[in-house]
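> predicted coordinates and the sequence they were generated for:
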Amino acid sequence: MSQNRISYAQLLETNNLIQTCSDETYWLCVTRTVQESKLFPVPAYMMLSYLMAFYRYPSLLRKIESGMLAEEIGDRARNMGMKIQNPSIGWALPGFYLLGREWLINLGLLKPTDAIEDVIYVMDFWKRFQLSWHRNDGHITNKEFGHRAQILPESRLQVFHADMYDCRAGDELHQAAQAFMASASQYGFLISCESRISLHNSGPYKLADDRELIIRDFMDLSESDFPWLDDVAKGVPHNNITVTMAVKDCHFYLVDDWGSFESQPGFKAEQLVGVGLYTSDNLSDGYMPVGMDSREELIKTFRSLNDKIKDATTQLWKRIAGWKRDQMIDAGAITYFAIIKDLSHVAGVYDVHDWMKIDERAERFRPLLNDEFSRDALGELVGLVSHPSQQVMEYTMAQHSNKPTRMYSNIPYAVLKGEPYTVTCGPVYPGVTCLPEKKDAYNTTRGTITLAEYNRLSQETVPPVLAEKYRYLCDNWVKYHAGTPLADDMYKVDQAHSRRLKGKGSMLKRADIEKLRG
Amino acid sequence: MAKLYVDSDKFGYQAASPTVEAFHSAIKDIVRTKLAKSGSDWASFVFDKSYELVAASDMRNVEKMLLDAGHKFDWSAAISPRERPDIYKPAAGTSDADLKTFSFEHPDAKTAPADKEGRELRGIGDNVAKFPNNTVGIAHYIRSPDQVLKYLTEGVPADAIAVIDDSGGTLTAPILEHFKGVICAGGSTRSHLGILTREYGVPCLMNARISGIRNGDPVEIEVTAAAKTAEAYQKGVEMTANIWRLKRA
């Protein structure tokens, strides 16, 4: 093997990124309880998904970058509520891949020196995406920002702020919005086979001394990628729904890389004082308002969506309750593994066989995955951190636990000086599934279309706010160029669908927005 | 047999779980044997020959090894013992017949004789959200999709307080909002079930340690207690709410 393909600097950076993920994954896992379900064999599908990620992510990420670079996809991600945020890219992309690698090391089927060009590439892809997605807050993860996610530029925040409708506990809008969010959360857990990965929160943003803004995304709700949503989710009109929430007298001190929040005092429904409703995907002009022309229309829209989601929940639950265990494992493993699938949609290179199948290399391990082994192997991997590969020299005090452990093995530097290594686990191998084949129908903001059409449109579409002339105009540039024709034009793009800000340009400040709200 | 890279490990010895250790040791033996038989070096084995040589049939043999030794596996999803009752421990409390006598029996359940109002303390739990009044209802155990389907078809009984040991949000998805209350013998206030009951405004105690509550018992849950915060979990602060059994009418 050539000794010149990898540099010391590359390895130093890769190992730093691996350790960053290792520390945060431990914290996320031990501050949450074990995911359990009487319906789904959750640990079994999780363990399978990690192997799928190890074997397929490197090839699939390279395929995605043949269509669009990671940092450009990161730019797109700031402009919509699609499943390329947290926990998908921010945590799961490196996490699932590294968990698969770690498990295989403990099975004796892998060395820490194997597939190291894959490992370097996956971590580098993650870094470039994350830095781009977090461009406005200047961090690589929510963790690095003290568990905060301020992703959006001022132009978008002003529209969310201006167009939000006030509400208070007991009024019709409050009740309708709250009921919708409860149903959509529950539906999200069911779609995602008990995991929270259809749900995402970002922020907080300061609206006033006593109010903060949280952005809540509900994703993959309609007939789109998952075969198990074919037909049963046909009635859900939007695949991705974003709710903007103004919250009073409640500080969100933690928004983590799983997209969960904590507040002081604990958030209660009566603290919700404003809401807005949007949909988006990679084919839309950013966030498109839904039912936002009047308060009455918004109430009606929330109620209608709530009814449709409840209906889909019941139909989907009945479908799942009739499944065999292997079908449940397939759906869960695919949900987890394909948590990053929307990268392929944005790049316009999505293929059902890439994302909705169990790679045959991972499939070999299915007979191991009874409930007990899966529970214990997973618990040791992410909670106890007790697998042999995770034990390090006794002087070590790991972040959070103070124990001599490390969740993910780094790449030994000795590969730079003669230690044998391998570069890649190879291309995508054929896949299998016990689930029905996916129907060729994808609900997008351009209507329900075929996959070929979706890929074609994805390749052609550049959201107006990301046109080349605006792409590098950040908030710091606006600070010194507000009121110029270029800055005004850029703000007007985000304001194009705004009820209150259409055509207002770039000179408004937060207090002006508050006045406009009346 | 060939020697594996992980066979020389200064700090790692074995997995903590006996089941995991048994499985992993058996798989490593398979890899050693197949690597030696292949006559290949590691580089041509790891991402090429091993894909065919280490097969699903080997993994089935690993599970069989433990079963042949008399081991029965714990189950968590109801579907698992239903499909393969031969490999799992018996699934109690999942049928109507079982539920006539079934009860959760937590070793640390806090109990006390009936107070002057006739309420017998049968356990404690972590309150998800504070309500102005305690919730009183009838205990109904829910441990399988069949029970959920029955309620989905026939309707959830009036005043039902679901007694569940699944802190997830999917088992009871289509009927959760119809419960008067929930007692969950697992998870925390941050579990999926905790999140959902808070969103729906359904009174709920998580991490419940209870004893002696049977199907059909009238119960009262102390949801007037303070909600247990994330900070309380992190600092190990005890913040509990009581669960009482009331006299049957």
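Perfect, thanks for sending it.

> tell me how far the residue of chain B most remote from its centre lies from chain A.
Taking CA atoms, centre = their mean, the residue of chain B most remote from its mean C-alpha position is B:Gly39, at 45.6 Å. With distances taken as CB to the nearest CB, to the nearest Å, B:Gly39 is found 17 Å from chain A. For the C-beta atoms, the positions are set from N, CA and C on the backbone; glycine is no exception.

> in what helix or strand does residue 94 lie?
Here I'm looking at chain A. helix A:93-106 (DSSP states H and E).

> I was thinking of chain B, sorry if that wasn't clear
Using DSSP H and E, no helix or strand contains B:Thr94.

> that one: what's it in contact with?
Counting by CB atoms under 8 Å, 6 or more residues apart in numbering or on different chains, B:Thr94 makes contact with B:78, B:143-144, B:146-147.

> next one: A:Asp512
For A:Asp512, no residue meets the contact criterion (CB under 8 Å, 6+ apart).

> list the buried residues for the host helix or strand of it?
Per DSSP H and E: A:Asp512 is located in helix A:510-517. Going by neighbour count (16 or more other CB atoms under 10 Å in any protein chain shown), the buried part of helix A:510-517 is A:Ile513.

> so how far is that helix off the chain centroid?
Centroid separation for helix A:510-517 versus its chain: 32 Å, with CA atoms, centre = their mean, to the nearest Å.

> where does chain B have low pLDDT?
For chain B, no stretch is flagged by pLDDT under 70.

> how about chain B: which residue is closest to chain A?
Residue of chain B nearest chain A, by CB to the nearest CB: B:Gly12 (2.7 Å).

> that residue: neighbour count?
17 (other CB atoms under 10 Å in any protein chain shown).

> surely it and A:Gln390 touch.
Yes - counting by CB atoms under 8 Å, B:Gly12 does reach A:Gln390; the two are 7.1 Å apart.

> end-to-end on stretch A:284-304?
With CA to CA, to the nearest Å as the measure, stretch A:284-304 spans 22 Å from end to end.

> buried ones in that stretch, by neighbour count?
A:284-292, A:298-299, A:301-303.

> rewinding a little: can you pull the contacts of the residue of chain B closest to chain A?
A:387-391, B:6.

> swap in 6 Å and give it another go.
Applying CB atoms under 6 Å, 6 or more residues apart in numbering or on different chains to B:Gly12 gives the contacts A:388-389, A:391.

> tell me which of the residues you listed fall in helices.
Judged by DSSP state H, helices contain none of these.

> quick check: closest non-adjacent residue to B:Phe122.
Quick fix: residue B:122 is Arg, not Phe. B:Arg245 (4.7 Å; CB to CB, 6 or more residues apart in numbering or on different chains).

> over to B:Asp74?
Nearest to B:Asp74 is A:Glu372, by CB to CB, 6+ apart, at 4.3 Å.

> and the one you found, that's in a helix?
Yes - under DSSP: H, G, I helix; E, B strand; the rest coil, A:Glu372 sits within a helix.

> wait, doesn't it sit right on B:Phe73?
Yes - judged on CB atoms under 6 Å, A:Glu372 makes contact with B:Phe73 at a distance of 3.9 Å.

> only alpha carbons, please: show the longest helix anywhere in chain B as PDB.
Taking DSSP H as the criterion, chain B has its longest helix at helix B:18-38. Taking Å, rounded to 0.1, in the frame of the first residue of the first chain, the C-alpha atoms of helix B:18-38 are listed here in PDB:
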ATOM      1  CA  PRO B  18     -22.200 -12.800  29.000                       C
ATOM      2  CA  THR B  19     -24.500 -13.100  25.900                       C
ATOM      3  CA  VAL B  20     -22.500 -10.600  24.000                       C
ATOM      4  CA  GLU B  21     -19.200 -12.200  25.000                       C
ATOM      5  CA  ALA B  22     -20.400 -15.600  24.000                       C
ATOM      6  CA  PHE B  23     -21.600 -14.300  20.600                       C
ATOM      7  CA  HIS B  24     -18.500 -12.200  19.900                       C
ATOM      8  CA  SER B  25     -16.100 -15.000  21.000                       C
ATOM      9  CA  ALA B  26     -17.800 -17.500  18.700                       C
ATOM     10  CA  ILE B  27     -17.700 -15.000  15.800                       C
ATOM     11  CA  LYS B  28     -14.000 -14.300  16.300                       C
ATOM     12  CA  ASP B  29     -13.300 -18.100  16.300                       C
ATOM     13  CA  ILE B  30     -15.200 -18.300  13.000                       C
ATOM     14  CA  VAL B  31     -13.100 -15.400  11.600                       C
ATOM     15  CA  ARG B  32      -9.800 -17.000  12.800                       C
ATOM     16  CA  THR B  33     -10.700 -20.300  11.200                       C
ATOM     17  CA  LYS B  34     -11.900 -18.900   7.900                       C
ATOM     18  CA  LEU B  35      -9.000 -16.500   7.600                       C
ATOM     19  CA  ALA B  36      -6.600 -19.400   8.100                       C
ATOM     20  CA  LYS B  37      -8.400 -21.600   5.600                       C
ATOM     21  CA  SER B  38      -8.600 -18.900   3.000                       C
END
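
> in it, what counts as buried?
Residues of helix B:18-38 classed as buried: B:19-24, B:26-28, B:30-32, B:34-35, B:38 (neighbour count, 16+ other CB under 10 Å).
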